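S.K.: Next come a sequence and a model predicted from it.
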Amino acid sequence: MIRALSTAATGLEAQASNIEKISNDLANVNTDGYKRARNEFQDLMYETVREPGAVTGSNSQSPVGVQTGMGVKVGAAHKIFEQGPARMTNNPFDMMIEGNGFLPVQKPNGEIAYTRAGAFHIDNQGRMVNSQGAMLLPQITVPSNAMGVTIGGNGEVKATLPNAGEAILGQIQLITFINEQGLMAQGNGLYKATSASGGPLQGIPGEDGLGTLQQGALEGSNVNVANSMVEMIQTQRAYEMNTKVMGVADQMLGATANISH
């Protein structure tokens, strides 16, 4: 009966982890470029009292065995990189990736990170940076006298200059990974490559399966509020059932203790 208490405790811990995941998803329902998370549950080890197929006392073979489970755990937690909805901003430096790929940026500390959040601005040197100061790679500098900037679907950045016509400022690259679920989230919409994700694979938007860019738009969060609310109710019910199991196990232990006295 003590095992029922510890088994139910693993259920409480697993469901608590799931509600934390759901709460983070719902908190970021309006965060541009945010990707919802998923928890994968796995059952714990089993105590085998009798193996299936074991020989019984009558020299016959048992068709089934006897095993006692020890609970549940969160075996994996990762991001779901489904396309989020488009949100039009009409900001010339905002861009949304339609399809696969990440934008590479260099953080102020020099580290390279990858993002789906395409809200960029111009710093005091004319470089395209995000709100945390991470610079778009390869570096693109907009002249101070530029009268208009256009970003093509293939990532080509052009500007209209006075008395000089249209000039090409640079080429935006997109990055993909063999296993994007192996990326490590760093906050601020940034991801870090790991040994699980594999190395970054660079290419031009619209080529080799990469997505294209849409200027003046941002990719919204891919959190589905209705699905998250249903999952939250299911998690709450599962948590309550585990607390009831602990209560029943405690009552049965009390009854056993009363009998012994």
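M.R.: It's in.

S.K.: Wait, A217 touches F93, no?
M.R.: No - using C-beta atoms under 8 Å, A217 is not in contact with F93, being 11.5 Å away. For the C-beta atoms, the positions are set from N, CA and C on the backbone; glycine is no exception.

S.K.: Now do the shared contacts for those two.
M.R.: The contact sets of A217 and F93 do not overlap (C-beta atoms under 8 Å, 6 or more residues apart in numbering).

S.K.: Show the low-confidence segments of the stretch 101-250 of the chain, by residue range.
M.R.: For the stretch 101-250 of the chain, no stretch is flagged by pLDDT under 70.

S.K.: let's go with 90 and repeat that
M.R.: Along the stretch 101-250 of the chain, the model assigns pLDDT under 90 to residues 147, 163-165, 249-250.

S.K.: which residues in it form strands?
M.R.: With DSSP state E, counting those that start in this stretch as the criterion, the stretch 101-250 of the chain has strands at 103-106, 112-115, 121-122, 128-129, 135-136, 148-151, 156-161, 165-171, 174-176, 184-187, 190-192, 201-203, 212-215, 217-219.

S.K.: Let me have these in JSON lines, extended by distance to Q236 and mean neighbour count.
M.R.: JSON lines is the format used below for the strands of the stretch 101-250 of the chain (distance: least, C-beta to C-beta, whole Å; neighbours: other C-beta atoms under 10 Å):
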{"stretch": "strand 103-106", "distance to Q236": "38", "mean neighbour count": "22"}
{"stretch": "strand 112-115", "distance to Q236": "33", "mean neighbour count": "21"}
{"stretch": "strand 121-122", "distance to Q236": "41", "mean neighbour count": "15"}
{"stretch": "strand 128-129", "distance to Q236": "42", "mean neighbour count": "22"}
{"stretch": "strand 135-136", "distance to Q236": "43", "mean neighbour count": "21"}
{"stretch": "strand 148-151", "distance to Q236": "45", "mean neighbour count": "16"}
{"stretch": "strand 156-161", "distance to Q236": "49", "mean neighbour count": "18"}
{"stretch": "strand 165-171", "distance to Q236": "50", "mean neighbour count": "13"}
{"stretch": "strand 174-176", "distance to Q236": "38", "mean neighbour count": "22"}
{"stretch": "strand 184-187", "distance to Q236": "25", "mean neighbour count": "12"}
{"stretch": "strand 190-192", "distance to Q236": "31", "mean neighbour count": "20"}
{"stretch": "strand 201-203", "distance to Q236": "42", "mean neighbour count": "14"}
{"stretch": "strand 212-215", "distance to Q236": "39", "mean neighbour count": "20"}
{"stretch": "strand 217-219", "distance to Q236": "31", "mean neighbour count": "22"}
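
S.K.: Which among these is found nearest to E40?
M.R.: strand 184-187 (16.4 Å; C-beta to C-beta).

S.K.: Against which helices or strands is that closest one packed?
M.R.: When contacts are defined as 3 or more C-beta pairs under 8 Å, 6 or more residues apart in numbering; DSSP states H and E, strand 184-187 packs onto strand 190-192.

S.K.: contacting residues around the strand it packs on?
M.R.: Defining contact as C-beta under 8 Å, 6+ apart, one finds that strand 190-192 is touched by F102, V105, K107, E111, A113, Y114, T115, A134, L183, M184, A185, Q186.

S.K.: now A238: how far from L218?
M.R.: 36 Å (C-beta to C-beta, to the nearest Å).

S.K.: Tell me if I am right that A8 is in a helix.
M.R.: Yes - according to DSSP: H, G, I helix; E, B strand; the rest coil, A8 belongs to a helix.

S.K.: In contact with it, which residues?
M.R.: G71, N242, T243, V245, M246, A249.

S.K.: so the fifth one sits right up against T7, yeah?
M.R.: Spelled out, that is M246. No - look at M246 against T7 with C-beta under 8 Å: they stay out of range, at 9.3 Å.
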